[in-house]
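[1] Below are the sequence and a predicted model; questions follow.
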Amino acid sequence: MTGTEQPVRTAHRIASEDEAVAVASVLAERFAREAVQRDRDRVLPAAELDELSDAGLLAVTVPRAHGGAGISTLGLVRIVALLSAADPSIGQIPQNHFAGIEGLRVERGEARKAFFYDRILRGDRLGNASAEPGDLAPTEHRTRIRRDGDRYRLDGRKVYSTGALFAHWVPVSATDADGVHHSAFVPRDAPGLTVVDDWSGFGQRTTASGTVLLDGVLVDALHVAATRRGDPTPTSVSPVSQIYHAAVDLGIARAALDDTLVFLRTTAHAARGSGVAHATEDPIAVRDVGELTVAFHAAEALLERAARAVDRARATDDPDDAAGAHVAVAEAKILTTTVALDTSNRLFELAGTQSTLQVHGLDRHWRNARTHTLHDGVRWKYHAVGNYELNGLLADQWTLGHPYTPWPPRGRTGDAR
């Protein structure tokens, strides 16, 4: 069955950003109720993903010119944080879906763009088959694409394929014999495409971020496009992709902080020697909650600032604005990583021994934070920010090692305010 023969779904069409956030709030509240059980028993959220699709929430960034709500990056960040506070596996799964929507936006292939935007508006989901074993750079990928008459064939192996198991289309990055990079949208049920549910991480347990195998997979030419990989000119695609991850981490921090407050108010004992009767009266606990709250709000503010920078880059499609968005998102990623890890860890120090009991499932916050923040780790983010501010250079793993120098220097992160 080729992509054009796949059954056409139907989904609600969300009309505005306010509606999108309202729908996300309702679904997040429902998803939170069984989040502990899904994590404990590794129950994959297939039904929940269908709810997201059917509600129209996964089409909200489709541009208005193509029939979508075209919501802002700030609106998307708020939705992702809401979903991730409820269940960060559900929050993370559509990350590649939304990155794919933005990738389509900057493409020149109008027929491909129109086809997939229509499918997404009807409820189809995009997955992911990009990373390869050994964490190879995109220029070194071994997955191959070749012409076969008026179509293409794909062969290769991908890992960390978050979303592929639940997808209707699996975007695959591949290289042809001449070294040209391509993006191929493969129907999930295409012969020769196998999604292996072998993800065994101790956190984000239900993302099904497993392996994709491609054995002579036939793809329609309409569903294949040469990509910009290797081009040092920045676009909005990577900032959209990365700010999504930062929003997931902010959601994890929100959930951990909320559970800390609930446990302190209802269950935790005051520390020995504190001289108070209740944990909420412990002056050190009160001080620590204040510190965590300030850190969370700082991360939230920096994320919103980065979202505005990304929205500017999407509006102008100017490389310098895209460069500023890259760095603004890097700054936000540093802080959301820190607050997710710190809050989920200090929960136990503040809430005490009872908080470690399995019945509460509070360990999932730290496991999720520790696992998810390893995606695009922040060790080089400070360097990227400093190199841009000091030397006007944009050069990190997301620009594939190609220095991009805005000239005359402009688009600094200070302009993102």
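    Done, it's in. Numbers count the residues shown, from 1 in each chain.
[2] Describe which strands the lengthiest strand in the chain pairs with in its sheet and in which direction.
    In the chain, taking DSSP state E as the definition, the longest strand is strand 211-220. Its sheet considered, strand 211-220 pairs with strand 151-158 (antiparallel), strand 193-196 (antiparallel) by DSSP bridges.
[3] The closest residue to L193 other than its chain neighbours: neighbour count?
    Distance criterion C-beta to C-beta, 6 or more residues apart in numbering; nearest residue to L193, sequence neighbours excluded, is V217 at 5.0 Å. Placement of C-beta: from N, CA and C, glycine included. Counted with other C-beta atoms under 10 Å, residues neighbouring V217 total 24.
[4] Kindly report the same for the one 10 residues further on.
    One way to gauge burial is a neighbour count; for T227, by other C-beta under 10 Å, it gives 18.
[5] wait, what's in contact with it?
    The contact partners of T227, by C-beta atoms under 8 Å, 6 or more residues apart in numbering, come to S173, H181, H182, S183.
[6] Apart from its neighbours in sequence, what residue is nearest the residue most central in space within the chain?
    Nearest to the geometric centre of the chain sits Q95, at 3.4 Å (C-alpha atoms, centre = their mean). Using C-beta to C-beta, 6+ apart and skipping residues adjacent in sequence, the residue nearest Q95 is Y244, 4.7 Å away.
[7] G192 versus the one you found, what's the distance?
    Counting by C-beta to C-beta, to the nearest Å, the gap from Y244 to G192 is 30 Å.
[8] And the strands in this structure, which stretches?
    So, for the chain - with DSSP E - the strands run 144-148, 151-158, 169-175, 181-187, 193-196, 211-220, 224-226.
[9] Tabulate the ones you listed (JSON lines), appending distance to A298 and mean pLDDT.
    Formatted as JSON lines, these follow (distance: least, C-beta to C-beta, whole Å; pLDDT from 0 to 100):
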{"stretch": "strand 144-148", "distance to A298": "44", "mean pLDDT": "96"}
{"stretch": "strand 151-158", "distance to A298": "36", "mean pLDDT": "97"}
{"stretch": "strand 169-175", "distance to A298": "34", "mean pLDDT": "96"}
{"stretch": "strand 181-187", "distance to A298": "36", "mean pLDDT": "95"}
{"stretch": "strand 193-196", "distance to A298": "39", "mean pLDDT": "98"}
{"stretch": "strand 211-220", "distance to A298": "38", "mean pLDDT": "98"}
{"stretch": "strand 224-226", "distance to A298": "40", "mean pLDDT": "90"}
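[10] quick one, domains of this structure?
    Listed by automatic domain parsing, the domain ranges of the chain are 3-121, 138-226, 237-416.
[11] so the residue nearest to the centre of the chain touches I243, yeah?
    No - using C-beta atoms under 8 Å, Q95 is not in contact with I243, being 10.1 Å away.
[12] Give me the contact list for stretch 282-295.
    Counting by C-beta under 8 Å, 6+ apart, residues outside stretch 282-295 touching it are 257, 260-261, 264, 270-271, 274, 276, 279-280, 335, 338-339, 342-343, 346, 349-350.
[13] Now the buried members of those.
    Neighbour counting with 16 or more other C-beta atoms under 10 Å marks 257, 260-261, 264, 270-271, 279, 335, 338-339, 342-343, 346, 350 as buried within the contacts of stretch 282-295.
[14] Kindly reformat those as a markdown table containing distance to R40.
    Shown next, in a markdown table, are these (distance: C-beta to C-beta, whole Å):
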| residue | distance to R40 |
| --- | --- |
| L257 | 22 |
| T260 | 20 |
| L261 | 23 |
| L264 | 23 |
| A270 | 30 |
| A271 | 29 |
| A279 | 26 |
| L335 | 30 |
| T338 | 27 |
| V339 | 25 |
| D342 | 24 |
| T343 | 21 |
| R346 | 23 |
| L350 | 23 |
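[15] Among those residues, name the ones in helices.
    Mapping these onto helices (DSSP state H) picks out L257, T260, L261, L264, L335, T338, V339, D342, T343, R346, L350.
[16] From the residues you listed, pick the one nearest R108.
    Closest approach between these and R108, by C-beta to C-beta: L335, at 35.6 Å.
[17] so the closest one touches L302, yeah?
    Yes - at 5.1 Å, L335 counts as touching L302 under the criterion of C-beta under 8 Å.
[18] Could you give the number of residues near the closest residue to V186 other than its chain neighbours?
    Spatial nearest neighbour of V186, excluding adjacent residues (C-beta to C-beta, 6+ apart): V170 at 4.8 Å. For V170, the count of nearby residues is 27 (other C-beta under 10 Å).
[19] quick one, what contacts V170?
    126-129, 161, 164, 185-188, 193, 195, 212.
[20] The same query, at a cut-off of 6 Å, please.
    For V170, the contacting residues are G127, A129, A164, V186, R188, by C-beta atoms under 6 Å, 6 or more residues apart in numbering.
[21] Then G127?
    G163, A164, A167, V170.
[22] Most neighbours among these, which one?
    Using other C-beta under 10 Å as the neighbour criterion, A164 leads the contacts of G127 with 30 neighbours.
[23] Report pLDDT for that residue.
    At A164, the model reports a pLDDT of 97.
[24] Could you shift the numbering so residue one becomes 517, and keep it that way?
    From this message on, residue numbering opens at 517, which makes the last subject A680.
[25] Please name the nearest non-neighbouring residue to it.
    Nearest residue to A680 in three dimensions, chain neighbours excluded: G643, at 3.6 Å (C-beta to C-beta, 6+ apart).
[26] how close does that neighbour sit to S860?
    Relative to S860, and taking C-beta to C-beta, G643 is found at 28 Å.
[27] quick one, helices of the stretch 517-666 of the chain?
    Ranges of helices within the stretch 517-666 of the chain are 533-548, 551-557, 562-570, 589-602, 604-608, 611-621, 626-637, based on DSSP state H, counting those that start in this stretch.
[28] and the angle for the last one with helix 611-621?
    Here helix 626-637 points in a direction 150 degrees away from that of helix 611-621 (axes from the mean of the first three to the mean of the last three C-alpha atoms, to 10 degrees).
[29] wait, what's in contact with the residue nearest to Q611?
    Listed by C-beta under 6 Å, 6+ apart, the contact set of Y760 reads V596, Q611, F614.
[30] again, only using 10 Å
    589, 592-593, 596, 600, 607-608, 610-615, 618, 845 (C-beta atoms under 10 Å, 6 or more residues apart in numbering).
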